[in-house]
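Undergrad: I would like to see how this sequence folds:
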Amino acid sequence: MAVTNVKRKLSTFKRLPKGKHGGVELLLIQNVDHVGKQGEVVEVKPGFANNYLLPQGLAIVATNHHKRMVDKHKSRLHEIERQRLSGLRALADKIAQQSITIEANANDEGHLYGSVGATEIIAALKSNDITLAPEHVRLQGPLKELGLYTVKIHLHVEIECDLKVWVVPTAAA
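TA: Residues are numbered from 1 along each chain as shown. All right, here's what the predicted structure looks like:
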């Protein structure tokens with residue numbers, strides 16, 4: 001009885017179509033770093049497709065219908081992407097003009113008791129009406145001393161900017 005249930009479950013699982021090199025052909029709905037751009041047909045390993053790209057809604061199975069639809073609307077997709085990039089460039093310019101100050105508890109030598117990470121930087125930017133995700137902040141490591149740091153902000157494959165971060169001691173109450 002249990003064997004038939006397993007066979008039934010396996011037979012309902014739909015396999016993804018294979019590509020030329022043994023991977024799975026997918027059509028990207030959004031840009032994915034190190035994979036491709038929106039509207040491209042890419043071939044990835046089945047695990048990456050099943051566990052990341054498809055559940056996150058970043059790609060769909062590349063059927064002939066989807067390929068024809070993308071070809072038909074390619075110019076509109078390029079226009080949308082161009083507008084998105086211009087908005088990200090404007091945001092990058094706005095971020096590059098910012099200088100944020102983060103207060104942290106430190107000893108007399110300037111070493112922090114904790115550290116300053118991406119979450120603190122994002123919170124400080126949010127107070128300046130700039131909203132970012134934690135994966136946009138590229139730190140070499142946590143900031144553990146007082147001082148001025150230059151932090152890379154990665155908004156897109158083509159768009160990066162620098163942000164000045166001042167780490168200062170908390171004011172004595």
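Undergrad: okay, CA-based contacts and neighbour counts for the rest of this
TA: OK.
Undergrad: and the gap between Y113 and N105?
TA: Distance of Y113 to N105, computed by Cα to Cα, to the nearest Å: 6 Å.
Undergrad: ok, those two, which is more surrounded?
TA: Shown here are Y113 and N105; by other Cα atoms under 10 Å, N105 has more neighbours (18 against 12).
Undergrad: help me confirm that that one comes into contact with G114.
TA: Yes - at 7.4 Å, N105 counts as touching G114 under the criterion of Cα atoms under 8 Å.
Undergrad: ok, and what's touching the longest helix seen in the chain?
TA: When the chain is parsed with DSSP state H, its longest helix is helix 74-96. Applying Cα atoms under 8 Å, 6 or more residues apart in numbering, the contact partners of helix 74-96 are G39, I130, L155, H156, I159, E160, C161, D162, L163, K164.
Undergrad: so which bits of that helix are buried?
TA: Along helix 74-96, these residues count as buried under the neighbour rule (16 or more other Cα atoms under 10 Å): E81, L85, L88, R89, L91, A92, I95, A96.
Undergrad: and which of these is nearest L53?
TA: Nearest to L53 among those is E81, at 19.5 Å by Cα to Cα.
Undergrad: distance check, the closest one against E120.
TA: For E81, the distance to E120 (Cα to Cα) stands at 30 Å.
Undergrad: and what of Q83?
TA: According to Cα to Cα, Q83 stands 30 Å off from E120.
Undergrad: check V70 too.
TA: Relative to E120, V70 is positioned 40 Å away (Cα to Cα).
Undergrad: the residue nearest in space to the middle of the chain and D71, how far apart?
TA: Centroid-nearest residue in the chain, with Cα atoms, centre = their mean: E135, separated by 5.5 Å. Using Cα to Cα, E135 is found at 31 Å from D71.
Undergrad: in the lengthiest strand in the chain, what counts as buried?
TA: Scanning the chain for the longest strand, with DSSP state E as the assignment, gives strand 160-169. Under the neighbour-count criterion of 16+ other Cα under 10 Å, strand 160-169 has E160, C161, D162, L163, K164, V165, W166, V167, V168, P169 buried.
Undergrad: show me where this structure has helices.
TA: Using DSSP H, the helices of the chain run over 2-12, 46-48, 64-72, 74-96, 118-126.
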